[in-house]
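# one predicted model, sequence on top.
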There are 2 protein chains.
Amino acid sequence: MLDIDIGVRSIFRRLFQGVLPPRWIRRLQQPIPPNSIRWEFANVVEPDPLRRLRLNISYQKLEQMHPADLADIVEDLSPAEREAIFETIDSEAAADALSEVEDPKMQASILEALEPEKAADIVEEMAPDEAADILSELQAETSEEILDEMDSAPKTEVRELLEFKEDTAGGMMNTEYVALHHNATVTDALAALKGNEDLLEGLNTLFLVDGDEKLVAAIPLARLFLASGNARLQDLAAETLVQVNVDEKQDRVTELFDKYNLLTLPVVDEDGKLAGVVTADDIISLLRQK
Amino acid sequence: MLDIDIGVRSIFRRLFQGVLPPRWIRRLQQPIPPNSIRWEFANVVEPDPLRRLRLNISYQKLEQMHPADLADIVEDLSPAEREAIFETIDSEAAADALSEVEDPKMQASILEALEPEKAADIVEEMAPDEAADILSELQAETSEEILDEMDSAPKTEVRELLEFKEDTAGGMMNTEYVALHHNATVTDALAALKGNEDLLEGLNTLFLVDGDEKLVAAIPLARLFLASGNARLQDLAAETLVQVNVDEKQDRVTELFDKYNLLTLPVVDEDGKLAGVVTADDIISLLRQK
């Protein structure tokens, strides 16, 4: 976690140089164990807009932190301080941090405190499934106000996900997957990946669908490294295609991850069409909340 | 799960054609939901070696099943039937299935029932961390007998892992990772992957180490697709390097997976040298057991 520590120490140095005795600064420059990042920090948050401007450098640092660490900090603040942060940092950093806030009630209250325009900007930057999870925690009226302010493409996707029950595969899935036609080659797959750089970080499986969008096969991403460009993806498919219906119960989804050591589980609709994927990190979060 | 169902139905057809009324066979040929695979199967297991020979076709089918499904079946059998299966199927299929048996006590009793030579063959085919987990469940004497029969390379690795406490990162980690020198290029990485086809299925992160084997960076595997061959891996590194010491407590390891949405967490020894990795599927199994 050196990256994080350096970020934190750098903020301390900038803010406290010349204010604290030098002995203190040296201590702060020691590696800070990740657990203690919390809110030694509270002083860099400033609800007063004029003073906030002066502290702008700190907001930039906040935006550069890992979203999970920023979320930890946010969780330790007062509602006014939380609002000040989410109004000030850019929508993408705000979306990432909001996704990492653990308590759904706190997520909802952060969005509720913002103007609908700003809230919509943030929700647009979130993964559609997480956006739907948060909006479903809000009053129907507030949720509608925010949806109204959103661009039409993400709005449609979020509205569709809002239809699924939370404790089903449909309610757990996200729509960040890469699917190709079942006749596609390795070269086609590489082209598709280059067009989806945002998705690449946690991506470990590609999916093949037929002309009717029905799920046909799953390809472990790493197998592409062993194949030539004109190899057909079908020939690299996993031996067992594990899939669930959108209505499948949460417990069964979790059981399948455990049983088949899955990292990604495809979810299909009643016609067998690929509708989304559930990922291992969501299963871990879910199991830890229980 | 069509693949599995086809396997099961094919066994039924081979075994029961001409024995059961045709109506029954048609019913068996309907898709069988994965949960019901269990032990409608029991009849294909035959402790008598002569009859077993005649049923050899079924053993081949067992070897071709997904290890998790074979484990489900094994869990529903009597100890004698279990022993018959593990004595008969090849060591690799036996190792995969044994890894997927959920109850550590049952895993231990299966190994104890086998001759030490056969048990050693199976343990050699297991991932070293899972081998260590199972051996730690056995009587010290039995475990020594099996270790004695093992080849020296896997034996050394398993013995080292046996030193770590079960509820620490060291006790949770496996040694199936790919690490390269911190000056390596994308081309070097591709060459390393081609030499590690066995590991590729669940692989999603590469690690960089310096000349002293100290962990320097983690590279999300998918980023290799976006880079040219002579690009340095260092430039593709994840922004935050999350790592833990071998002595880190299990709860903290689980918390880090949740917080940073990890699929793989590197574990380092007291000198910062890469010692192993913990993977998301192990975290899911652990959390479900709680």
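All right, it came through fine. Residues are numbered from 1 along each chain as shown, chains lettered A, B, ... in the order given.

# relative to chain B, how far out is A:Met172?
Counting by Cβ to the nearest Cβ, to the nearest Å, the separation of A:Met172 from chain B is 14 Å. C-beta here means a position set from N, CA and C on the backbone, and glycine is covered the same way.

# confirm for me that that residue is in contact with A:Thr279.
No - using Cβ atoms under 8 Å, A:Met172 makes no contact with A:Thr279, being 9.2 Å away.

# and stretch A:89-106, which residues are buried?
For stretch A:89-106, the neighbour count (16 or more other Cβ atoms under 10 Å in any protein chain shown) marks A:89, A:91, A:93-101, A:106 as buried.

# what's the span of it, first residue to last?
Using Cα to Cα, to the nearest Å, the end-to-end distance of stretch A:89-106 comes out at 18 Å.

# so which strand or helix has the residue lying closest to A:Lys118 once chain neighbours are set aside?
Nearest in space to A:Lys118, with sequence neighbours left out and distances taken as Cβ to Cβ, 6 or more residues apart in numbering or on different chains, is A:Glu87 at 6.5 Å. Taking DSSP states H and E as the criterion, A:Glu87 maps to helix A:79-88.

# tilt between the next helix or strand after that helix and helix A:79-88?
Where DSSP H and E defines the elements, the next helix or strand beyond helix A:79-88 is helix A:91-100. Orientation check (axes from the mean of the first three to the mean of the last three Cα atoms, to 10 degrees): helix A:91-100 against helix A:79-88 gives 140 degrees.

# before we move on, back to that, now, which of the buried residues of stretch A:89-106 lie close to chain B?
Subset of the buried residues of stretch A:89-106 in contact with chain B: A:Glu100, counting by Cβ under 8 Å from any Cβ of the partner chain.

# is it possible to get JSON lines of the buried residues of stretch A:89-106 that adds pLDDT and distance to B:Glu124?
Below are the buried residues of stretch A:89-106 laid out as JSON lines (pLDDT from 0 to 100; distance: Cβ to Cβ, whole Å):
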{"residue": "A:Ile89", "pLDDT": "88", "distance to B:Glu124": "53"}
{"residue": "A:Ser91", "pLDDT": "92", "distance to B:Glu124": "54"}
{"residue": "A:Ala93", "pLDDT": "92", "distance to B:Glu124": "49"}
{"residue": "A:Ala94", "pLDDT": "94", "distance to B:Glu124": "52"}
{"residue": "A:Ala95", "pLDDT": "94", "distance to B:Glu124": "48"}
{"residue": "A:Asp96", "pLDDT": "93", "distance to B:Glu124": "45"}
{"residue": "A:Ala97", "pLDDT": "93", "distance to B:Glu124": "47"}
{"residue": "A:Leu98", "pLDDT": "95", "distance to B:Glu124": "49"}
{"residue": "A:Ser99", "pLDDT": "92", "distance to B:Glu124": "43"}
{"residue": "A:Glu100", "pLDDT": "91", "distance to B:Glu124": "42"}
{"residue": "A:Val101", "pLDDT": "92", "distance to B:Glu124": "47"}
{"residue": "A:Met106", "pLDDT": "92", "distance to B:Glu124": "50"}
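
# quick one: the helices in the stretch 1-150 of chain A?
For the stretch 1-150 of chain A, the helices defined by DSSP state H, counting those that start in this stretch occupy A:2-16, A:22-29, A:49-54, A:56-64, A:67-75, A:79-88, A:91-100, A:104-113, A:116-125, A:128-135, A:140-149.

# what sits against A:Ala68?
A:Ala68 makes contact with A:100, B:259-261, according to Cβ atoms under 8 Å, 6 or more residues apart in numbering or on different chains.

# oops, could you answer that again for A:Lys249 instead?
A:167-169.

# 10 Å instead, please
A:Lys249 makes contacts with A:165, A:167-169, A:255, as judged by Cβ atoms under 10 Å, 6 or more residues apart in numbering or on different chains.

# next, it: phi, psi?
phi -70, psi 150 (degrees, to the nearest 10).

# and the gap between it and chain B?
Applying Cβ to the nearest Cβ to A:Lys249 and chain B gives a distance of 12 Å.

# what's the answer for A:Gln60, then?
15 Å.

# distance of the residue nearest to A:Lys118 relative to A:Asp121?
Distance of A:Glu87 to A:Asp121, computed by Cβ to Cβ, to the nearest Å: 11 Å.

# of the two, which one has the most company?
Shown here are A:Glu87 and A:Asp121; by other Cβ atoms under 10 Å in any protein chain shown, A:Asp121 has more neighbours (20 against 15).

# go ahead and confirm that one touches A:Ser91.
Yes - applying Cβ atoms under 10 Å, one finds A:Asp121 in contact with A:Ser91, separated by 4.2 Å.

# sorry, back to before: neighbour-wise, give me the winner out of the contacts of A:Lys249.
In terms of neighbours by other Cβ under 10 Å, those top out with A:Ala169 at 27 neighbours.

# so what's it closest to, chain neighbours aside?
Closest to A:Ala169 by Cβ to Cβ, 6+ apart is A:Glu248, at 4.2 Å.

# show me what contacts the one you found?
Applying Cβ under 10 Å, 6+ apart, the residues near A:Glu248 are A:168-170, A:172, A:256, A:265, A:267-268, A:278.

# what subset of the residues you listed is buried?
Buried members of the contacts of A:Glu248, counted by 16+ other Cβ under 10 Å: A:168-170, A:172, A:256, A:265, A:267-268, A:278.

# quickly check: stretch A:76-86 near chain B or not.
No - Stretch A:76-86 lies out of reach of chain B by Cβ under 10 Å from any Cβ of the partner chain, never closer than 14.5 Å.

# for that stretch, buried residues please.
Buried, per 16+ other Cβ under 10 Å, within stretch A:76-86: A:77, A:81-86.

# out of the residues you listed, who's nearest A:Leu208?
Closest approach to A:Leu208 among the buried residues of stretch A:76-86 (Cβ to Cβ): A:Phe86, at 40.2 Å.

# got the contact list for the closest one?
Residues in contact with A:Phe86 (Cβ under 10 Å, 6+ apart) are A:74, A:93-95, A:97-98, A:110-111, A:113-114, A:118-119, A:122.
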